[in-house]
Structure formats: C-alpha cells, structure tokens
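Student: show me how the following folds:
(one chain, ligands or ions: 1)
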Amino acid sequence: MANVMEKEKETKTTKNAKDTKKSGLHALLNRQVANWAVLHIKIHQHHWYVKGPNFYALHVKFEELYEEAALTMDQLAERLLSVGGQPVSTTKEIAAAATIKEHEPFASASDMVQCLRDDFSMVIEETGEAMELAEQEGDEGTHDMLLELKTRLEKHVWMLNAYLNE
Ligand SMILES: [Fe+2]
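Tutor: Numbers count the residues shown, from 1 in each chain. Just a heads-up that it's a prediction; the model follows:
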C-alpha cells in the first residue's frame, strides 16, 4: 500500500514538474503570438506612413512583411492549441503578453527599417529561448517550427541591414 502511495506521489510530482515546464513553453509561445499580433499592426504603421525616395520599394516590402506576420501569428497560435495551450486572443491579453514596443510613426524611412530590424532581432533571441525549452520538453514539432521561424527572420535581418548599409 505504501509502495502504491509512493508511486502515486512520484507520478504526481513528475506530472507537476512536466506541467510547470509545459506552462513555461506555453507562455513563451504566447509571447510570440502576442508579439506577432503587435508586429502585424506595427508593420502596417510603417507601410502607411513611409515617405521619401524609397517609398515604392518600402511600401511593398512592408506589405509583404505584415502579411507574413499574420501567417506567423496564426501558425504559432495553432501550434499552441495543438500542444494543449490557449493562445491570447484579445487586445488586452496581447498587450499584456507582448514585449515589442509600440510608438508614434517615425518620420524617417530608415528609422522604420532600423526599428523593424531591431524588433526582428529581439524576436530571434526570444525564439532561441523557446527553442531551448521545446528541446528540453522533447517537443520536436514546436522546436522545428521555431527553427524555421528563426532562420527566416535571420534572412530578413540580413536584408534590412543590407538596405541600411550596415
Ligand atoms: Fe496597403
């Protein structure tokens, strides 16, 4: 009897430890969902307010990137649901979970590009943290999805840096 109780206790402890870990990964995925929701509107802001000699190129590029942001948000939210989580789905929840900062529109196009480069760089770091946790969890699906995202963002950062001549 004692053995059975011990076993049950052990199982519970393992389960609790697992749940705590899982909720950690869920929180990191939710931060991503929130950040991509904010980036979706923030890149629209760049798209609407960009001015200057590079207007046409940047207006189109920002459109491509906000469309990609919407797809990324959806992909991450649906992954979160697939692993038993609950994605943020109200602007209040998004504001509470996001780490991307919002601001009034920039006057200069290069400030917009720099800001986007910095936002993407921050998301790359956060993606790395979530990847580590997914790996510890043995959650290969989430890990691979995040790796694809990180690789895609690294390419965007390279291109934005090339635009800035940095
Ligand atoms: Fe548009």
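Student: what about this structure, any weak spots by pLDDT?
Tutor: 1-22 (pLDDT under 70).
Student: could you pull out the helices for the chain?
Tutor: Along the chain, counting by DSSP state H, helices occupy 2-49, 55-82, 91-97, 109-137, 140-164.
Student: can you lay out these as JSON lines showing distance to His103 and mean neighbour count?
Tutor: To be clear about C-beta, it is placed using only N, CA and C from the backbone, and glycine gets the same treatment. Below are these laid out as JSON lines (distance: least, Cβ to Cβ, whole Å; neighbours: other Cβ atoms under 10 Å):
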{"stretch": "helix 2-49", "distance to His103": "9", "mean neighbour count": "16"}
{"stretch": "helix 55-82", "distance to His103": "16", "mean neighbour count": "16"}
{"stretch": "helix 91-97", "distance to His103": "14", "mean neighbour count": "14"}
{"stretch": "helix 109-137", "distance to His103": "8", "mean neighbour count": "18"}
{"stretch": "helix 140-164", "distance to His103": "18", "mean neighbour count": "16"}
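Student: grab the most central residue of this structure for me.
Tutor: The centroid of the chain falls nearest to Gln32 when counting by Cα atoms, centre = their mean (2.8 Å).
Student: spit out the contact partners of the nearest residue to that residue once chain neighbours are set aside.
Tutor: Closest residue to Gln32 apart from its sequence neighbours, by Cβ to Cβ, 6 or more residues apart in numbering: Leu76 at 5.0 Å. Contacts here follow Cβ atoms under 8 Å, 6 or more residues apart in numbering; on that basis Leu76 touches 29, 32-33, 36, 87, 145, 149.
Student: looking at the residues you listed, which is nearest Ala97?
Tutor: Val33 (7.5 Å; Cβ to Cβ).
Student: quick check, that closest one in contact with Pro87.
Tutor: Yes - at 4.9 Å, Val33 and Pro87 qualify as touching, with contact defined as Cβ atoms under 8 Å.
Student: spit out the residues that contact the two alike.
Tutor: Common contacts of Val33 and Pro87 (Cβ under 8 Å, 6+ apart): 76-77, 80.
Student: the closest residue to Leu160 other than its chain neighbours: what's it in contact with?
Tutor: With sequence-adjacent residues excluded and distances taken as Cβ to Cβ, 6+ apart, Leu160 is closest to Arg117, at 4.0 Å. Arg117 is in contact with 157, 160-161, 164, counting by Cβ under 8 Å, 6+ apart.
Student: please apply the same query to Gln75.
Tutor: Here Gln75 is in contact with Met145 (Cβ under 8 Å, 6+ apart).
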